[in-house]
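Peer 1: my questions concern the predicted model and sequence given below.
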Amino acid sequence: MNTLERRVLINCNIHDAWEFINKPQNLNKITPPQMEFKILSDIPEEMYDGLMIDYRVKVPRFGYLDWTSEIKHVRSHRSFVDEQRVGPYNMWYHFHSIKEMGDQVEFFDQVHYRMPFGVFGKLAHALFVKRDLRNIFDYREESLKRYFEG
């Protein structure tokens with residue numbers, strides 16, 4: 001099992017932070033363009049427990065992959081989980097939370113994931129997957145700062 005954690009403080013209020021992360025279509029705004037992220041399913045204005053989202057993403061070295069996530073454990077203005085149902089990992093459980101920290105909001109991501117393909121998956125993780133995921137979350141951090149702070 002692998003874990004990735006990321007915390008970032010953003011100059012915004014909790015209401016605006018929730019309004020942003022509560023809209024599935026905003027994932028487009030924080031995904032690196034080279035991943036050619038595309039939502040395939042009809043999505044509502046706001047997420048809810050049990051929402052299934054189908055999308056296609058271009059993964060470096062692997063090409064285009066379909067991914068289905070289920071939105072779970074939605075706690076308004078606090079947190080939610082997206083859990084992979086179909087996709088490239090044996091397991092992907094992504095906890096998102098926001099918390100007021102003075103006049104800023106802390107965006108926290110914690111991803112637990114398991115690579116497929118046994119020893120070959122472990123090797124791929126060591127050689128490039130771990131770095132690629134860090135780069136994706138670096139891009140998310142920069143995108144959130146640009147969106148909220150200009």
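Peer 2: Arrived safely, thanks for sending.

Peer 1: need the three-state assignment for the residue lying closest to Asn22 once chain neighbours are set aside.
Peer 2: Distances taken as CB to CB, 6 or more residues apart in numbering place Glu46 nearest to Asn22, at 5.1 Å, with adjacent residues excluded. Backbone N, C-alpha and C define where each C-beta goes, glycine included. Look at Glu46: counting by DSSP: H, G, I helix; E, B strand; the rest coil, its state is coil.

Peer 1: quickly note the distance from Glu46 to Ser97.
Peer 2: 17 Å (CB to CB, to the nearest Å).

Peer 1: which phi and psi does the residue nearest to Asn22 have?
Peer 2: phi -130, psi 150 (degrees, to the nearest 10).

Peer 1: do Ile43 as well
Peer 2: Backbone torsions of Ile43, given as degrees, to the nearest 10, read phi -120, psi 150.

Peer 1: now that it has come up, it's in contact with Tyr55, right?
Peer 2: No: Ile43 sits out of contact with Tyr55 when judged by CB atoms under 8 Å, with a separation of 9.5 Å.

Peer 1: higher neighbour count, these two?
Peer 2: Neighbour totals were compared for Ile43 and Tyr55, and Tyr55 leads with 20 against 17 (other CB atoms under 10 Å).

Peer 1: report pLDDT for that one.
Peer 2: Tyr55 carries a pLDDT value of 95.

Peer 1: same question for the one 5 residues further on.
Peer 2: Looking at Pro60, its pLDDT reads 74.

Peer 1: what's the closest non-adjacent residue to it?
Peer 2: Computed as CB to CB, 6+ apart, the closest residue to Pro60 that is not its neighbour in sequence is Asp132, at 5.8 Å.

Peer 1: buried ones in the helix or strand harbouring the one you found, by neighbour count?
Peer 2: Per DSSP states H and E, Asp132 falls inside helix 130-149. Under the neighbour-count criterion of 16 or more other CB atoms under 10 Å, helix 130-149 has 132-133, 136-137, 139-141, 144, 148 buried.
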